[in-house]
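Trainee: Could you look at this predicted model? Sequence included:
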Amino acid sequence: MSPEEALSATNVAYVVICAAMVMLMTPGLAFFYGGMVRVKSALNMLMMSFISLGIVSLLWVLYGYSLAFGGTSPVIGNLDFIGLRDISVDQGELVAFIAFQLMFAVLTPALMSGALADRVKFGTWALFVALWVTVVYFPVAHWVWAADEGWLFNQGVIDFAGGTAVHINAGAGALAAVLVVGKRVGFKRDPMRPHNLPMVLLGAALLWFGWFGFNAGSALTTGSGSPAAMMALNTQVATGAAVVGWLVYERLRHGAFTTLGAASGAIAGLVAITPSGANVNPMGAILIGLVAGALCAWAVSWKFKLGFDDSLDVVGVHLVGGVVGTLLVGFLATEGAGFEQFGKQALGAVAVMAYSFVVTYLIAQLLQRTVGFRASEEDETAGLDLAYHAETGYDFSQAGSGTVAGSTVTAPADRAAGQKKVDA
Amino acid sequence: MKLIVAVIKPHQLDEVKEALQAFGVQGLTVTEANGYGRQRGHTEVYRGAEYTVDLVPKVRVEILVEDDDADQLVDVVVKAARTGKIGDGKVWTLPVDTAVRVRTGERGPDAL
């Protein structure tokens, strides 16, 4: 095996493993969000993320990859690779890249679900995911990542792993969708406490782990000159700093070090370091993390003042964290830092924000006016788990008090026996 | 007969149980309860949003006793449940008409 072949082999293995790690972020996100909502819609919150693993995986292979990475247009790909035709098993590195990028396309729409917690029709959400990745995500991914083709790529915008294409994109889209769908019943009036904070922390931990695949994996290469290792280190350092930043802000402002704050700070740091890659050093990563942690801790209060119900703070964490990271790298980049790079970064952030906001607003309006996006007030108040999933997340009847709980449930076997006689 | 009802802090339950056992009480009933007294509730913070939680978790202990023991047992419960901090709870007694042991059908003080 020649050195080139050996490097190619390790690259394929590396990117495939990183793809699996990024896949884990979507269920991680489901737990992170799921623990934050009330009991009655917990399963719905989990499913809003999980469904993206189903839908977007299909679309990516059918036409998503082609729209994002095909062709030579600066604005959008083409349909040359529809159904991944002409791509064969011999192209290991390309196939690994396609699998890796698939996970990003799955995660990004799922990020928006937190803003719409507890109040949208599940079927419409599934449709929204399909439309949104097609019209918003695939083109924006092309702008930013289609090497030598995408217009933001060619402007020299640094977006290593998705500060603009993933986080600003999802954050701005979330804001637009919230403005169409409206506030939860009881917003600012009823207490809406997270129902399971240990689950939130577990979700944050899974996201943190998977994010090494997301960030360091975006290097796609493993040679000694690869930015992968530095990006892994920066990811850890910035995230730790953001946990500290958020908790300090919270202690000063609200008097407690909360679990939810620690989990949220971690996500804010992960988001903010995402665009940098190895373009900053670990000291720069610390600064990015601290700023993102403290600023996002403040940003999550804006929704109460401005009156938009971004339920689980997708705007406050992903949009604000994404903007912080994308802009700061302009000044902190180890090469070429300064106002010129800052200007490019700002262009990238504003372009993605504007496009995502406008187009998402139109998609959400279209769905609201046709099939209806918002759940009925009755379903929302009673909880979406029963309305759309015919399940409840938890069994609150006490174990052991079988006579009461048991009498209301017919076991599937009993039901079958009641319908037809079973030969013994 | 009297029914002693005590609403106390959950972590004082073991002390109360031990004190009652030492006195010779044969049985009691415990229920998880929520409520507030003069201490009201507490404040919780989630991403900066502060919620006032009115109802505080408590434990409700019920003990059936003979009239003669009632006053002394109330003192036993109060002493065991006391931490001296706000939110220690309350103890009260009610008159009881009758009591029956289900297994044997015994009535009155014999059923205790």
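Mentor: Noted; the coordinates are in hand.

Trainee: What separation is there between A:Val320 and A:Leu201?
Mentor: Relative to A:Leu201, A:Val320 is positioned 21 Å away (CB to CB, to the nearest Å). In this view, the C-beta of every residue, glycine as well, is placed from N, C-alpha and C.

Trainee: more neighbours, those two?
Mentor: Higher neighbour count among A:Val320 and A:Leu201: A:Val320, with 25 against 18, using other CB atoms under 10 Å in any protein chain shown.

Trainee: Please report the distance of the more buried one from chain B.
Mentor: According to CB to the nearest CB, to the nearest Å, A:Val320 and chain B sit 13 Å apart.

Trainee: Now do the contacts for the residue nearest to that residue when sequence neighbours are not counted.
Mentor: Nearest residue to A:Val320 in three dimensions, chain neighbours excluded: A:Ala299, at 4.3 Å (CB to CB, 6 or more residues apart in numbering or on different chains). Contact analysis of A:Ala299 by CB atoms under 8 Å, 6 or more residues apart in numbering or on different chains lists A:313, A:315-317, A:320.

Trainee: repeat for A:Thr108
Mentor: Taking CB under 8 Å, 6+ apart, one finds A:133, A:137, A:162, A:165-166, A:169-170 in contact with A:Thr108.

Trainee: for these, which one is nearest chain B?
Mentor: Nearest to chain B among the contacts of A:Thr108 is A:Ala170, at 18.4 Å by CB to the nearest CB.

Trainee: Could you grab the helix/strand/coil label for that closest one?
Mentor: Secondary structure, DSSP: H, G, I helix; E, B strand; the rest coil: A:Ala170 is helix.

Trainee: Number of residues surrounding it?
Mentor: 31.

Trainee: was I right about it contacting A:Ser113?
Mentor: No: here A:Ala170 does not reach A:Ser113: they are 9.6 Å apart, not a contact under CB atoms under 8 Å.

Trainee: At the contact with chain B, which residues of chain A appear?
Mentor: Proximity of chain A to chain B, by CB under 8 Å from any CB of the partner chain, involves residues A:191, A:193-194, A:250, A:253-256, A:258, A:260-261, A:264, A:297, A:300-301, A:304, A:313.

Trainee: Check which residues of the longest helix seen in chain B are buried.
Mentor: The helix that spans the most residues within chain B, counting by DSSP state H, is helix B:67-81. Buried residues in helix B:67-81, counting neighbours by 16 or more other CB atoms under 10 Å in any protein chain shown, are found at B:69-70, B:73-74, B:76-78, B:80-81.

Trainee: Then stretch A:242-259?
Mentor: Buried residues in stretch A:242-259, defined by neighbour count with 16+ other CB under 10 Å: A:242-250, A:254, A:258.

Trainee: Out of those, which two sit at the greatest distance?
Mentor: A:Ala242 and A:His254 (17.3 Å; CB to CB).

Trainee: Sheet partners, orientation included, of the top strand by length along chain B?
Mentor: If you go by DSSP state E, chain B has its longest strand at strand B:56-65. Partners of strand B:56-65 in the sheet, by DSSP bridges, are strand B:2-8 (antiparallel), strand B:29-35 (antiparallel).

Trainee: most packed of those strands?
Mentor: strand B:2-8 (a mean of 21; mean count of other CB atoms under 10 Å in any protein chain shown).

Trainee: what's the closest non-adjacent residue to the closest residue to chain B within the stretch 51-200 of chain A?
Mentor: Of all residues in the stretch 51-200 of chain A, A:Pro191 sits closest to chain B, at 4.5 Å by CB to the nearest CB. Excluding its sequence neighbours, the residue lying closest to A:Pro191 (CB to CB, 6+ apart) is B:Tyr51, at 4.5 Å.

Trainee: which ones are touching the one you found?
Mentor: A:191, A:193, B:43-45.

Trainee: Report the buried members of those.
Mentor: Of these, these count as buried by 16+ other CB under 10 Å: B:Val45.

Trainee: from the contacts of B:Tyr51, which ones fall inside strands?
Mentor: Reading strands off the contacts of B:Tyr51 with DSSP E, I get B:43-45.

Trainee: Can you name the residues that contact A:Gly34?
Mentor: Per CB under 8 Å, 6+ apart, neighbours of A:Gly34: A:42-43, A:45-46, A:196, A:199, A:203.

Trainee: which of the residues you listed has the most neighbours?
Mentor: A:Met45 (30 neighbours).

Trainee: Next, it: phi, psi?
Mentor: phi -60, psi -40 (degrees, to the nearest 10).

Trainee: ditto for B:Arg107
Mentor: The phi/psi pair for B:Arg107 (degrees, to the nearest 10) is phi -120, psi 160.

Trainee: That one and B:Val96 touch, don't they?
Mentor: No: counting by CB under 8 Å, B:Arg107 sits too far from B:Val96 to count as a contact (11.8 Å).

Trainee: my guess is B:Val16 contacts B:Ile8, does it?
Mentor: Yes: under the criterion of CB under 8 Å, B:Val16 makes contact with B:Ile8 at 6.3 Å.

Trainee: what is B:Pro95 paired to in the beta sheet?
Mentor: Residues in beta-bridge contact with B:Pro95 (DSSP bridges): B:Lys2.

Trainee: contacting residues for it?
Mentor: Taking CB under 8 Å, 6+ apart as the test, what B:Pro95 contacts is B:1-3.

Trainee: Give me the helix or strand of chain B that scores worst on average pLDDT.
Mentor: None of the helices or strands of chain B scores lower by mean pLDDT, DSSP states H and E than strand B:49-53, at a mean of 82.

Trainee: Report the angle between it and strand B:42-46.
Mentor: Here strand B:49-53 points in a direction 150 degrees away from that of strand B:42-46 (axes from the mean of the first three to the mean of the last three CA atoms, to 10 degrees).

Trainee: Parallel or antiparallel, list what pairs with strand B:49-53.
Mentor: Here, using DSSP bridges, strand B:49-53 pairs with strand B:42-46 (antiparallel).

Trainee: Alpha carbons of the strand it pairs with, as PDB, please.
Mentor: Only the C-alpha atoms of strand B:42-46 are listed here, as PDB (Å, rounded to 0.1, in the frame of the first residue of the first chain):
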ATOM      1  CA  HIS B  42     -39.800  28.500  47.100                       C
ATOM      2  CA  THR B  43     -38.400  29.900  43.800                       C
ATOM      3  CA  GLU B  44     -36.900  27.900  41.000                       C
ATOM      4  CA  VAL B  45     -34.900  29.300  38.100                       C
ATOM      5  CA  TYR B  46     -34.800  27.800  34.600                       C
END
